[in-house]
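Peer 1: Here you go, sequence then predicted model.
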Amino acid sequence: MYETHTHTPLCKHAIGEPEEYAQVASDRGLRGLIVTCHNPMPDGFGSHVRMAPEQLDEYRELVGRARARWAGRLDIRLGIEADYFPGYEAWLERQLTSVDFDYVLGAVHPQLPEFEARYGGGSEFEFQRTYFRLLAEAAETRLFDCLAHPDVIKSVRPAHWQPEAILDDVRRALDRIAPTGVALEINTSGAHKDYPEMNPFPVMLAEARRREIPVVIGSDAHRPERVGALFEQALDLAERAGYQQVSYFLGRKRHAITLDAFREVLRPVQADSTSDSSPSSG
Ligand SMILES: [Zn+2]
Ligand SMILES: [Zn+2]
């Protein structure tokens, strides 16, 4: 019963302090909150949407302060959403082992200009195939616990998204992800993006279930009121795909909870906090 994916103002496109996110998590009945802001990257990679390398300590302190203030009421943990981009593996490994993160999300972000510049030269379909190939590569690095929004490519150029056409590539990616033990995120913010559907799409989720790939639910909140958003629907989606439980990570170790136990703790969203226009950047 954790919110597993939330951001801070350090990434320059989120609002609200961790303690405001904590209040919403507590109101929703959750047991904890994992803060997973966008990690620092070298060479100015995507620097407009992430904290600078020298801000990593500030981030730890920000989360540490919130953790101390909420102790005994809500379990606040330090996580990170780390970009996977080929060439930065060694750098990333140093970063991820230098800090005691509870949870490391791995993310392929095809909306970044650096991604577009390296991989955007071919057809739309090739661009999508590259995305799923890199998703599998990300899992195989074993640097991450879970893969964030694992079909976010569909919201980059939604007019070109045809799930049936890409399904063979998706299956091949899942065949490679399954033996790594890395989980997939059911990301509820997909419902508000340009291709309005949670990530991953239902057929991909069913294929993941068939391969016994664990799933973690996260809202990807970039503002406090989105914490825990659409978790009921995400649990239903998991159930329809054949899952009986969802996972979360603490101390980089996976724990699981049944869908019913999760549903039982969830309290309804406050009526005045349902209006939402979340930023579309992941
Ligand atoms: Zn993301
Ligand atoms: Zn973001």
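Peer 2: Yes, it's here. None of these values were measured; they are calculated from a predicted model. Numbering: from 1, shown residues only. Ligands and ions are numbered 1, 2, ... in the order given.
Peer 1: Minimum distance to ligand 1, which residue of the stretch 101-250 of the chain gives it?
Peer 2: Ala107 (4.2 Å; Cβ to the ion). C-betas here are computed from N, CA, C, even on glycine.
Peer 1: Find the nearest non-adjacent residue to that residue, please.
Peer 2: Ala148 (4.1 Å; Cβ to Cβ, 6 or more residues apart in numbering).
Peer 1: contacting residues for the one you found?
Peer 2: The contact partners of Ala148, by Cβ atoms under 8 Å, 6 or more residues apart in numbering, come to His5, Glu81, Leu105, Gly106, Ala107, Glu185, Asn187, Gly218, Asp220, Gly282.
Peer 1: Next up, phi/psi of the nearest residue to Phe45 once chain neighbours are set aside, please.
Peer 2: Computed as Cβ to Cβ, 6+ apart, the closest residue to Phe45 that is not its neighbour in sequence is Glu114, at 5.5 Å. Dihedral pair for Glu114: phi -70, psi -40, per degrees, to the nearest 10.
Peer 1: does Glu114 really touch Gly46, like I thought?
Peer 2: Yes - look at Glu114 against Gly46 with Cβ atoms under 8 Å: they come within range, at 6.3 Å.
Peer 1: in the sheet, who's paired with Ser247?
Peer 2: Val216, Ala256 (DSSP bridges).
Peer 1: So for Glu114 and Gly46, which residue has more residues nearby?
Peer 2: Set side by side, Glu114 and Gly46 show more neighbours around Gly46, with 20 against 16, by other Cβ atoms under 10 Å.
Peer 1: How about that one: what's its closest non-neighbour residue?
Peer 2: Leu112 (4.7 Å).
Peer 1: Only C-alpha atoms, please: export the helix or strand harbouring Leu174 in CSV.
Peer 2: Assigned by DSSP states H and E, Leu174 falls within helix 163-177. The C-alpha trace of helix 163-177 is given here as CSV (Å, rounded to 0.1, in the frame of the first residue of the first chain):
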residue,chain,number,x,y,z
PRO,A,163,-0.8,-1.7,-30.5
GLU,A,164,-1.5,-4.7,-32.8
ALA,A,165,1.2,-3.7,-35.2
ILE,A,166,3.9,-3.6,-32.5
LEU,A,167,2.8,-6.6,-30.5
ASP,A,168,5.5,-9.0,-31.7
ASP,A,169,8.2,-6.5,-30.6
VAL,A,170,6.4,-6.1,-27.3
ARG,A,171,6.4,-9.8,-26.8
ARG,A,172,10.1,-10.1,-27.6
ALA,A,173,10.8,-7.3,-25.1
LEU,A,174,8.8,-9.1,-22.4
ASP,A,175,10.6,-12.4,-23.2
ARG,A,176,13.9,-10.6,-22.3
ILE,A,177,12.5,-8.7,-19.3
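Peer 1: got a list of contacts for the helix or strand just after it?
Peer 2: Next in sequence after helix 163-177, counting helices and strands by DSSP H and E, comes strand 183-187. Here strand 183-187 makes contact (Cβ under 8 Å, 6+ apart) with 4-5, 105, 145-150, 152, 177, 198-200, 205, 208, 213-220, 234, 237-238, 246-247, 249, 254.
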